[in-house]
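Q: Give me a model of this one.
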Amino acid sequence: MATIRYATEDDLDAIDAMCAKFLKYTSYGSIVRPECGEVKAALKHVLDTGAIFVADKGGVPVGFLAALICPAWFSPTTKMAIELAWWMEEEHRVGTAAMRLMFSYEQWALDNGAKFICMSDLVINGQTPLGNMLERMNYRMTERTFIKDTSQ
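A: Prediction:
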């Protein structure tokens, strides 16, 4: 069983490698091709200003959830927690580790004064695999994001 813990700088290479898989898995990867070291620098910033949780199996990160807390643009005195990325290696997607990452994020958000918690639901091949689960967990869809590649 994987252990859920806060990431450290020692985890950043493994998380960076998982981010590369995440980008290939999503539509973002067809548009964004980060420069060498760019993702790792961004992860370091999240580590310093927010939180990254890792699912650790035998000393090896096999999943992560990265998040920030920031003011809501429409109510600067209201803190909101935002999930930036949530990834589990495919061979570790069965079991409870992914959900325990999410529960750790939710508790961290509560402990740090977030009034509400935001989760993303990727669209993969026209499907939203997490939407129903998030709704069962009392999340409600508030907004959908569309992206347009302006580089072409």
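
Q: Identify the bridge partners of V60.
A: Counting by DSSP bridges, V60 is bridged to K57.

Q: What is the neighbour count of it?
A: Counted with other Cβ atoms under 10 Å, the neighbours of V60 add up to 13. No exception for glycine: its C-beta is placed from N, CA and C like everyone else's.

Q: Please apply the same query to A7.
A: The burial count for A7: 21, using other Cβ under 10 Å.

Q: got the contact list for the closest residue to it other than its chain neighbours?
A: Nearest residue to A7, sequence neighbours excluded (Cβ to Cβ, 6 or more residues apart in numbering): I52, at 3.8 Å. With contact taken as Cβ atoms under 8 Å, 6 or more residues apart in numbering, I52 is in contact with Y6, A7, D11, I15, L43, V46, F64, L65, A66, A67.

Q: Would you reformat those residues as a markdown table and include secondary structure, pLDDT and distance to I117?
A: Listed next are those as a markdown table, based on DSSP: H, G, I helix; E, B strand; the rest coil; pLDDT from 0 to 100; distance: Cβ to Cβ, whole Å:
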| residue | secondary structure | pLDDT | distance to I117 |
| --- | --- | --- | --- |
| Y6 | strand | 98 | 18 |
| A7 | coil | 98 | 19 |
| D11 | helix | 97 | 23 |
| I15 | helix | 97 | 21 |
| L43 | helix | 97 | 21 |
| V46 | helix | 98 | 16 |
| F64 | strand | 98 | 17 |
| L65 | strand | 98 | 12 |
| A66 | strand | 98 | 14 |
| A67 | strand | 98 | 9 |
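
Q: Could you tell me the end-to-end distance of stretch 115-129?
A: This stretch, stretch 115-129, spans 26 Å end to end (Cα to Cα, to the nearest Å).

Q: from the contacts of I52, which two are the most distant?
A: Checking the contacts of I52 against each other with Cβ to Cβ, the farthest-apart pair comes out as D11 and A67, at 15.1 Å.
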